[in-house]
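Visitor: predicted coordinates and the sequence they were generated for:
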Amino acid sequence: MSRPIKIAAAQLGPIARDEPRSAVVKRCLILMHEAKAKGVELIVFPELALTTFFPRWYLEDQTEVDAFFETEMPSAETQPLFDAAKELSMGFYLGYAERVPGEEGDRHFNTTILVDQQGEIVGKYRKIHLPGHEENEPWRPFQHLERRYFESGDMGFQIFDAFGGKVGMAICNDRRWPETFRVLGLKGAEVVLIGYNTPRHYPPAPEHDHLQDFHNHLVLQAGAYQNGTWVVGVAKAGIEEGCDLIGGSCIIDPTGTIVAKAEGVGDELVIADCDLDRCDEIRKKIFDFRRYREPDNYAPITAPKETGPKQ
């Protein structure tokens, strides 16, 4: 038996700070139509796909910050993506900055949605593992202020029944934490979709800069193999506003093998036929969770932060 689905990782090249959403949407639509011609059923865009990666700047004017956020989805500017999904019978994953107005103040999340082939939102996830810092650190060549502009996601790791299987979602830094994949794996994920913006230079540990591509694929491949799931990792790549973002967008099968990978750092499609039934190769023969897991010995994983090792 097999349950094939053709998936495209839609890598995006740099987005300028003054590039309007309408221009980015047009780029995404070009990729969607190109993907349709190749039989793609699900296309995956990067984290914060509609704008430049704005957390690289320290901004004190909240109005200026909020300009990067969406208050509704779809909006007038993003509606063409939903129309195309319906027209092409192609679902998509889209990362964006989400602002939720409230009586006690607005909430801000790094969010992604899953849209089905009828153009309907069938899943939403808010980034849980926020990297970076909260205050201006002038010594850095660029900031990484996700912890200033976003709060940690409040929706947990969920599985969505879509595209004939069970779909999980995560965002960027989530991929570096094995708990992300394990929770999704325990919930039965057969494909995990992950968009990212990853600078090649990491100011607190520049000695690791040459390892950025290696670490990116390492965690994605490990997550796939250890949980018997397909993984689709999609970058915003290239030199964006002076910041070098890694590419390496890829599709990984449940054995941890990269079956398709981006060749450059611009707008590019990475396509693979993904048989969801292949998850059983790992889940029934290697990592049978019900038979081999020993959760009684895993208590430190969910212990409060204060009990962790001192740094």
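Guide: That came through, no problem.
Visitor: burial count for Ser152?
Guide: 13 (other CB atoms under 10 Å). Just so you know, the C-beta spots here come from the backbone N, C-alpha and C atoms, and that holds for glycine as well.
Visitor: torsion angles phi and psi at it?
Guide: phi -60, psi 140 (degrees, to the nearest 10).
Visitor: from Thr111, how far out is it?
Guide: From Ser152 across to Thr111, the span is 12 Å (CB to CB, to the nearest Å).
Visitor: pLDDT of stretch 210-217, averaged?
Guide: The pLDDT scores in stretch 210-217 average 98.
Visitor: try stretch 247-256
Guide: What stretch 247-256 shows for mean pLDDT is 98.
Visitor: now do the end-to-end distance for it.
Guide: 19 Å (CA to CA, to the nearest Å).
Visitor: tell me which stretches of this structure form strands.
Guide: Taking DSSP state E as the test, the strands found in the chain are 4-11, 42-44, 91-100, 107-115, 121-126, 159-162, 165-171, 191-196, 230-235, 238-240, 243-245, 250-252, 258-261, 268-275.
Visitor: distance of Gly102 from His108?
Guide: Between Gly102 and His108 the distance is 11 Å, computed by CB to CB.
Visitor: give the residue spans of the stretch 51-200 of the chain that score low on pLDDT.
Guide: Across the stretch 51-200 of the chain, nothing is flagged by pLDDT under 70.
Visitor: where along the stretch 151-300 of the chain do the helices fall?
Guide: Taking DSSP state H, counting those that start in this stretch to define them, one finds helices in the stretch 151-300 of the chain at 178-186, 212-227, 279-283, 289-292.
Visitor: using CSV, lay out the ones you listed together with mean neighbour count and distance to Ile171.
Guide: Shown next, in CSV, are those (neighbours: other CB atoms under 10 Å; distance: least, CB to CB, whole Å):
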stretch, mean neighbour count, distance to Ile171
helix 178-186, 20, 10
helix 212-227, 19, 13
helix 279-283, 18, 22
helix 289-292, 9, 24
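Visitor: neighbour count for Gly102 and His108, which is higher?
Guide: His108 (20 against 8).
Visitor: isn't that one up against Gly153?
Guide: No - His108 lies out of contact with Gly153 (CB atoms under 8 Å); the separation is 11.1 Å.
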